[in-house]
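Asker: predicted model and sequence below, questions to follow.
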Amino acid sequence: MSQAISAKDAASLDKDLMEAGGWSLEQLMELAGLSVSQAVWKLHPPSAGKNILLVCGPGNNGEKQLQFRRSEQQQQQQPNKSPGGDGLVAARHLAHFGYTPSVYYPKQGKNELYQRLKTQLQNLSVPFVDDFQLALKTTDFLVDAIFGFSFGGALRDPFGEIVSQIEAANVQVLSVDAPSSWDIQNGPPKEGPGAKFMPHALISLSAPKPCVAFYRGRHFIGGRFLTKDITDKYGLDLPKYQGVDQVLEIGVDAEGRL
């Protein structure tokens with residue numbers, strides 16, 4: 001059994017991967033997005049409906065507006081990996097998988113990485129939608145790639161309203177790393193947007209986070225690139241992935257362990 005990893009350790013794990021492990025931010029984002037897209041395939045194959053709406057959170061330019069648990073030094077060195085970027089990558093893979101993805105991206109990243117991800121989607125004719133309410137009504141499945149493990153504090157505009165609309169929508173949702181609005185340690189907020197948000201599925205990237213103790217739904221893990229040194233350092237078990245899959249459906253106990 002592998003204990004859930006804290007937000008601080010999750011950020012440290014990413015740092016270890018990029019420094020000691022030799023991984024680039026782009027590689028980690030690519031693998032995360034691929035994992036998300038494979039989880040969508042397992043949850044909602046194209047035969048169940050091809051319209052997939054990916055709601056992507058702020059890129060590097062939006063991070064100062066939110067209370068992210070990142071050091072100033074990390075922010076200055078490079079754009080931070082975010083679920084929003086993972087969502088953009090996932091949208092590209094889903095287009096190649098035969099889906100019809102669309103992206104709602106209200107706080108777009110301005111750095112080169114996010115611009116390149118956006119260009120890749122435009123070259124595949126993946127639309128960036130402006131009318132979120134209409135997109136929500138017409139989609140077959142939704143990917144919540146807004147905040148992830150590094151979110152803390154209160155929701156700020158426009159994300160409070162976005163979460164409220166997702167919460168009230170009659171559509172299955174896959175959340176990336178943590179349901180948006182949830183505190184990474186303490187789960188859903190006691191009131192306000194997200195208080196009753198329980199997505200149909202959750203994908204934990206690299207390792208589950210403590211909030212999985214509050215989660216009730218289908219749970220996947222993605223991170224088929226971690227080495228034994230990393231898993232030993234953070235007390236993780238390598239899941240037994242099947243075939244060429246990048247994700248594995250798992251369960252959690254009351255203490256948030258795999």
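Answerer: Now that the structure is in, tell me what you want to look at.

Asker: three-state assignment of Ser175?
Answerer: Of the three states, Ser175 takes strand according to DSSP: H, G, I helix; E, B strand; the rest coil.

Asker: show me the contacts for it.
Answerer: 144, 199, 201-203 (C-beta atoms under 8 Å, 6 or more residues apart in numbering). C-betas here are computed from N, CA, C, even on glycine.

Asker: can you name the residues bridging to it?
Answerer: Assessed by DSSP bridges, Ser175 has beta-bridge partners Asp144, Leu202.

Asker: try Ile52
Answerer: In beta-bridge terms (that is, DSSP bridges), Ile52 pairs with Pro101, Phe141.

Asker: isn't it up against Thr100?
Answerer: Yes. Here Ile52 reaches Thr100: they are 7.1 Å apart, a contact under C-beta atoms under 8 Å.

Asker: between those two, which has more neighbouring residues?
Answerer: Shown here are Ile52 and Thr100; by other C-beta atoms under 10 Å, Ile52 has more neighbours (25 against 16).

Asker: and the gap between the nearest residue to Gly187 once chain neighbours are set aside and Asp183?
Answerer: Using C-beta to C-beta, 6 or more residues apart in numbering and skipping residues adjacent in sequence, the residue nearest Gly187 is Phe214, 3.1 Å away. As judged by C-beta to C-beta, to the nearest Å, Phe214 and Asp183 stand 9 Å apart.

Asker: over to Leu53?
Answerer: Distance, Leu53 to Asp183, by C-beta to C-beta: 25 Å.

Asker: quick one, phi/psi of the residue lying closest to Glu167 once chain neighbours are set aside?
Answerer: Once flanking residues are discounted, Glu167 sits nearest to Phe197: 4.5 Å by C-beta to C-beta, 6+ apart. When read as degrees, to the nearest 10, the backbone of Phe197 gives phi -80, psi 110.

Asker: just checking, Phe197 touches Ala178?
Answerer: No. Using C-beta under 8 Å, Phe197 is not in contact with Ala178; the gap is 10.7 Å.

Asker: what's the burial count for the residue nearest to Glu167?
Answerer: 20.

Asker: for it, which residues are in contact?
Answerer: Neighbour list for Phe197: 163, 166-167, 179-182, 188 [criterion: C-beta under 8 Å, 6+ apart].

Asker: how about 6 Å then?
Answerer: With contacts defined as C-beta atoms under 6 Å, 6 or more residues apart in numbering, Phe197 is in contact with 167, 179, 181.

Asker: how far away is Gln229 from Gln120?
Answerer: You called it Gln, but residue 229 is Asp. Asp229 sits 32 Å away from Gln120, going by C-beta to C-beta.

Asker: these two - which one has more neighbours?
Answerer: Higher neighbour count among Asp229 and Gln120: Gln120, with 15 against 11, using other C-beta under 10 Å.

Asker: and the pLDDT at that one?
Answerer: If you check Gln120, the pLDDT there is 98.

Asker: please name the nearest non-neighbouring residue to it.
Answerer: Closest to Gln120 by C-beta to C-beta, 6+ apart is Arg92, at 5.5 Å.

Asker: next one: Pro127
Answerer: Sequence neighbours aside, Ser102 is the residue nearest to Pro127 in space, at 4.9 Å (criterion: C-beta to C-beta, 6+ apart).

Asker: contact partners for that neighbour?
Answerer: 53, 127, 129.
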